[in-house]
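# fold the following for me, if possible:
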Amino acid sequence: MILARHYAGFCSGVKRAWKLATEEAISASGPVYLSGKLIHNTPAMDELKRKGVRVRTISEAEGLQPGTPFILRAHGEGPEVYARARALGLKLIDGTCPIVRSVQQRAQKLEGQGYQVVLFGHKGHPEAKATIAHTMNGVIIESAAEAAKLPRYPKIATVAQTTSSAAEYAEVRRILKERCDEFVDQGHICDFTQRAQDEAAELAQQVDAMVVVGGTDSSNTRRLVEVCTVLCPTHHVETAEELQPSWFQEASRVGVTAGASTRDSDIAAAVEWLDHISDA
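Numbering: from 1, shown residues only. A predicted model of the protein is given here:
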């Protein structure tokens, strides 16, 4: 068994959001609320629930007492959530990843400079939706094909969901440059995300099978699965309990990596399980 050495598990943005939530849960005298899933990892969210942290969207927060802790998830929220939380007198704690927050600010500034903001990402993803909410007329596209269908604009500025594919984003930029008179790229694929994918690809070339530990609804975890699948048999699990001995009957070496919202304990459990079957 070989574990990815540098980029498996919590990234800095997730560590920050997790620390804010767990510390608030310890110090608060009552329940602590999140604006949505803090991170896309069900076992981690279950742990927070046991600590007294609950998910309640801003539209469901009307009955909360003033001063109740209300944490914005790592993926960010739109301006209306900030405004409503303050109007309700909630204790607003911003868990937005600093990189995501930077992209939100860029999008807002670029639109103010007259650019049509185009975000490359997943239309249903909370990060993409939150970023576009910081603009008046920004749009989300999911592919180069969608980019090619956009009307021509005088000025286009591109940004990206931070967990997007760098290669796909490059193709989107190439197309959009031809659909305007003035083009600027302000996208930022998270360095941790890109390096995690590079490290996973390197590891997948050295082993007979890969295990990717992380949330099934985690965009960056799914990217790791995609990267590894083209190189060797790859198995995506949230916890070690999902691992099956039959997957590794023909594998003498197994690699392990994990998404940026995966707890160290879940990675360690998967490693222990694999070590155990290799000794059996």
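# tell me the confidence at the residue lying closest to residue 89 once chain neighbours are set aside?
In space, not counting the residues next to it along the chain, residue 89 is nearest to residue 66; the distance is 3.2 Å by CB to CB, 6 or more residues apart in numbering. Every C-beta, even on glycine, is put in place using the N, C-alpha and C of the backbone. The model reports residue 66 with a pLDDT of 96.
# distance of residue 66 relative to residue 87?
Residue 66 sits 10 Å away from residue 87, going by CB to CB, to the nearest Å.
# would you map the helices across the stretch 51-200 of the chain?
All helices of the stretch 51-200 of the chain, identified by DSSP state H, counting those that start in this stretch, fall at 79-87, 98-112, 126-133, 144-149, 166-177, 191-204.
# turn those into JSON lines, columns for distance to residue 60, mean pLDDT and mean neighbour count.
Putting the helices of the stretch 51-200 of the chain into JSON lines (distance: least, CB to CB, whole Å; pLDDT from 0 to 100; neighbours: other CB atoms under 10 Å) gives the following:
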{"stretch": "helix 79-87", "distance to residue 60": "11", "mean pLDDT": "97", "mean neighbour count": "15"}
{"stretch": "helix 98-112", "distance to residue 60": "23", "mean pLDDT": "97", "mean neighbour count": "18"}
{"stretch": "helix 126-133", "distance to residue 60": "16", "mean pLDDT": "97", "mean neighbour count": "24"}
{"stretch": "helix 144-149", "distance to residue 60": "32", "mean pLDDT": "98", "mean neighbour count": "15"}
{"stretch": "helix 166-177", "distance to residue 60": "34", "mean pLDDT": "95", "mean neighbour count": "16"}
{"stretch": "helix 191-204", "distance to residue 60": "31", "mean pLDDT": "94", "mean neighbour count": "19"}
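# quick one, which of those is nearest to residue 118?
Nearest to residue 118 among these is helix 166-177; the distance by CB to CB comes to 6.3 Å.
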